[in-house]
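A.B. asks: I would like to see how this sequence folds:
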Amino acid sequence: MKRILALIRRDLTATGKDGLLLYVVLAPLLLALGTRLFLPAVGETSINVVVPADMPPALTAELKGYAEVQTVADRAALERRVTAYDDAVGIMPAPGGGYTLVTEGNEAPDAVRLAQIVLQRLASGTALTVLTEAVTDGQVPFREIIGAFYGVSILFMSAIVMGLHIIEDKESRMLLALGASPLGRREYVAARSIMAACVAIALTFACLWILGLTAFDHLQMLSVALTTCIAVALAGFLIGAVSANQIAGLASIKFGFLLILAPAIATLFIPDQLRFVLYWLPPYWTFVSTRAILERTASWSELAPMLAWNAGTAILLVALTYRWLKVRLDFARN
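C.D. replies: Below is the predicted model:
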């Protein structure tokens, strides 16, 4: 165990000093932060109205039936709110009677027009009837789908870190020295796998929290991450096995990243009755289980088969590639 921990400490030190490895670790966090800034707030109304505190309470109450209404102290506060980043429209009582719309000038035309229609109907005393017709089973969980894609991508990012460390070990002839060192093959595999699992779990939870996805069962998400770590370790060893140097490793990473995301993307387009063609791919089960957890639609009894498929398909792939990996990574000497 001491030798495993020593190798993990060595990898952590190397990651902090290697610019490429550090970028691979930090990039998902920065990308999640950037996505959070531009990700639309799904479920919010399309009409955002700002009114001053002296607005008649009856009109404010009626406005809340059609729009998201925010009350501010005075006109100066209303103007500051209107000039914020979103399409909020202000409504002020006019000195001569009636009401004035306050806009920044760059709002979407529909936002201003909808505010005008609502205000005109309320001011005239005519009820505004709104009919809603559902054309899908429900609102598209856009934020949750993005989070599920992040889950799959980040897990593969940890495999990249693992693969680059293995490539470095190949270039430095460390793998060839295993036969004469106290560190055995199983300990090397365990150290590399534990390192990849820790990076995968930490980055997954950090990115989901940055995206604002916190209301999910954390224990369920941890179980998905742990079962996916089998496939993550396999992906890391594959990257290290097929790449003779870091340049070749980067090429393998680009191709492998497409293979990892392909099942998740296909899930959005393939009809449910044809999804069985993806059952043998661990990334498919990672995506569907992560999405179900984020959408809070999966109980433990529903999640258990997904976890079994995720771990089972990964173990099967490990068994199929074990001998090939053993030769390519020069493990035969141990």
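A.B. asks: So for stretch 56-66, what gets flagged as buried?
C.D. replies: Of the residues in stretch 56-66, those with enough neighbours to count as buried (16 or more other CB atoms under 10 Å) are 59-60, 62-63, 66. Just so you know, the C-beta spots here come from the backbone N, C-alpha and C atoms, and that holds for glycine as well.
A.B. asks: wait, which of those is closest to Ser193?
C.D. replies: Nearest to Ser193 out of the buried residues of stretch 56-66 is Tyr66 (CB to CB; 55.6 Å).
A.B. asks: With respect to Gln220, which of the buried residues of stretch 56-66 is nearest?
C.D. replies: When the buried residues of stretch 56-66 are compared for distance to Gln220 (CB to CB), Tyr66 comes out closest, at 38.0 Å.
A.B. asks: Apart from its chain neighbours, what residue comes closest to the closest one?
C.D. replies: Taking CB to CB, 6 or more residues apart in numbering, and ignoring the residues beside it in sequence, Tyr66 has Val118 as its nearest neighbour in space, at 4.8 Å.
A.B. asks: Was I right to think the one you found contacts Lys64?
C.D. replies: No: Val118 is not in contact with Lys64 according to CB atoms under 8 Å; the separation is 10.9 Å.
A.B. asks: Tell me if I'm right that Pro263 and Trp280 touch.
C.D. replies: No: under the contact definition of CB under 8 Å, Pro263 does not touch Trp280, with a separation of 9.6 Å.
A.B. asks: show me the contacts for the residue nearest to Tyr66.
C.D. replies: Val118 is in contact with 47, 49, 63, 66-67, 128, counting by CB atoms under 8 Å, 6 or more residues apart in numbering.
A.B. asks: Sort out for me which of the residues you listed are in strands.
C.D. replies: For these, membership in strands holds for Val49, with DSSP state E as the criterion.
A.B. asks: any idea which residue of the chain is furthest from its center?
C.D. replies: Summary for the chain: using CA atoms, centre = their mean, the residue whose C-alpha lies farthest from the chain's mean C-alpha position is Gly96, with a distance of 52.1 Å.
A.B. asks: isn't there a strand covering that residue?
C.D. replies: No: remark: Gly96 does not belong to a strand; assigned using DSSP: H, G, I helix; E, B strand; the rest coil, it is coil.
A.B. asks: 7 is where my numbering starts, stick with that
C.D. replies: With the count now opening at 7, the last piece we talked about shows up as Gly102.
A.B. asks: Need the pLDDT of it.
C.D. replies: The confidence metric pLDDT takes the value 70 at Gly102.
A.B. asks: Also Ala314?
C.D. replies: Per-residue confidence at Ala314 stands at 93 (pLDDT).
A.B. asks: Repeat that for Thr303.
C.D. replies: At Thr303 the predicted local confidence, pLDDT, stands at 77.
A.B. asks: what's around it, how many residues?
C.D. replies: 11 (other CB atoms under 10 Å).
A.B. asks: can you map out the strands along the stretch 7-156 of the chain?
C.D. replies: Remark: strands of the stretch 7-156 of the chain, listed N- to C-terminal, are 54-58, 74-78, 94-99, 105-108; assignment by DSSP state E, counting those that start in this stretch.
A.B. asks: Where does pLDDT dip in this structure?
C.D. replies: Flagging of the chain using pLDDT under 70 yields the residue ranges 7-31, 44-52, 91-92, 103, 128-147, 178-191, 336-340.
A.B. asks: residue ranges for the helices of it, please.
C.D. replies: For the chain, the helices identified by DSSP state H occupy 8-23, 25-44, 63-69, 81-88, 115-130, 148-177, 191-216, 224-248, 252-273, 288-300, 306-334, in order along the chain.
A.B. asks: now, of those helices, which is deepest in the fold?
C.D. replies: When neighbours are counted by mean count of other CB atoms under 10 Å, the highest per-stretch mean among the helices of the chain falls to helix 288-300, a mean of 25.
A.B. asks: How far off centre is that one?
C.D. replies: On the basis of CA atoms, centre = their mean, to the nearest Å, helix 288-300 sits 11 Å off its chain's mean C-alpha point.
A.B. asks: Could you do stretch 84-104 as well?
C.D. replies: What separates the centre of stretch 84-104 from the centre of its chain is 36 Å, taken as CA atoms, centre = their mean.
A.B. asks: That one spans what distance, first to last residue?
C.D. replies: Looking at stretch 84-104, the gap from its leading to its trailing residue is 18 Å under the measure CA to CA, to the nearest Å.
A.B. asks: Check stretch 67-84 too.
C.D. replies: From start residue to end residue, stretch 67-84 stretches across 18 Å - CA to CA.
A.B. asks: Tell me the gap between it and the middle of its chain.
C.D. replies: On CA atoms, centre = their mean, the centre of stretch 67-84 falls 34 Å from that of its chain.
A.B. asks: Ok, stretch 298-308 next?
C.D. replies: Taking CA atoms, centre = their mean, one finds stretch 298-308 lying 17 Å from the centre of the chain it belongs to.
A.B. asks: How about residues contacting it?
C.D. replies: Under the criterion CB under 8 Å, 6+ apart, residues 147, 150, 153-154, 214, 219, 221-223, 226-227, 230, 295, 309, 312 lie in contact with stretch 298-308.
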